[in-house]
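Asker: Next come a sequence and a model predicted from it.
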Amino acid sequence: MRKKLNGKILLMAALLLWTLMVRMLTGCSVAKEAQDKVRDLDFTVVGEAELPQELKNLVAEKQNAPFKLTYSNDTGLYIAVGYGEQPTGGYSIAVNELYLTDNSIVLDTELKGPQKGEEVGVEKSYPYIVVQTEYLENPVIFQ
């Protein structure tokens, strides 16, 4: 009887030790995701007429649904964000931030609806924005 009790205690202690080790190994890591701003990036909002043809085609393909994409060529890095089909016109997109971190580029945009009393028409719209910045190989994080 005593052997069975000692065996159960030993088994419970082993399970507890195993659980603690698993929790420690799979818990939050010490290294945090580096999102600290290194510097702001200069950018230009690019109109449809100035877009490279290949990028213009990609935007036209994807504009019906929300999209996020990047495109680069010899003139720089283009970052595009589309908000998909909207019921009317009058929408605009604000670039809140574009900055570089140690390991990524962060773009924060916001869709702004029509102002109260603004004539917006009845046709659907497909708002998107394309910003051009210096060429960097870092991945882009969309916020």
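Answerer: Here it is on my side, so go on. Quick caveat: nothing in here was measured; it's all calculated off a predicted structure.

Asker: Could you check how far the closest residue to V122 other than its chain neighbours is from P114?
Answerer: Nearest non-adjacent residue to V122, counting by Cβ to Cβ, 6 or more residues apart in numbering: T88, 6.7 Å away. Using the backbone N, CA and C atoms, a C-beta is placed for each residue, glycine as well. T88 sits 7 Å away from P114, going by Cβ to Cβ, to the nearest Å.

Asker: L107 too?
Answerer: Applying Cβ to Cβ, the value for L107 to P114 is 23 Å.

Asker: between those two, which one's more packed in?
Answerer: L107 (24 against 17; other Cβ atoms under 10 Å).

Asker: Which strand residues bridge that one?
Answerer: Beta-bridge pairing of L107 under DSSP bridges involves L98, F142.

Asker: ranges for the strands of this protein?
Answerer: Using DSSP state E, the strands of the chain run over 39-40, 44-45, 66-73, 76-83, 92-100, 105-112, 128-133, 140-142.

Asker: show me what contacts the residue nearest to L100 when sequence neighbours are not counted?
Answerer: Setting aside the residues directly before and after it, L100 is nearest to V38 in space (Cβ to Cβ, 6+ apart), at 4.8 Å. By Cβ atoms under 8 Å, 6 or more residues apart in numbering, the residues touching V38 are 99-102.
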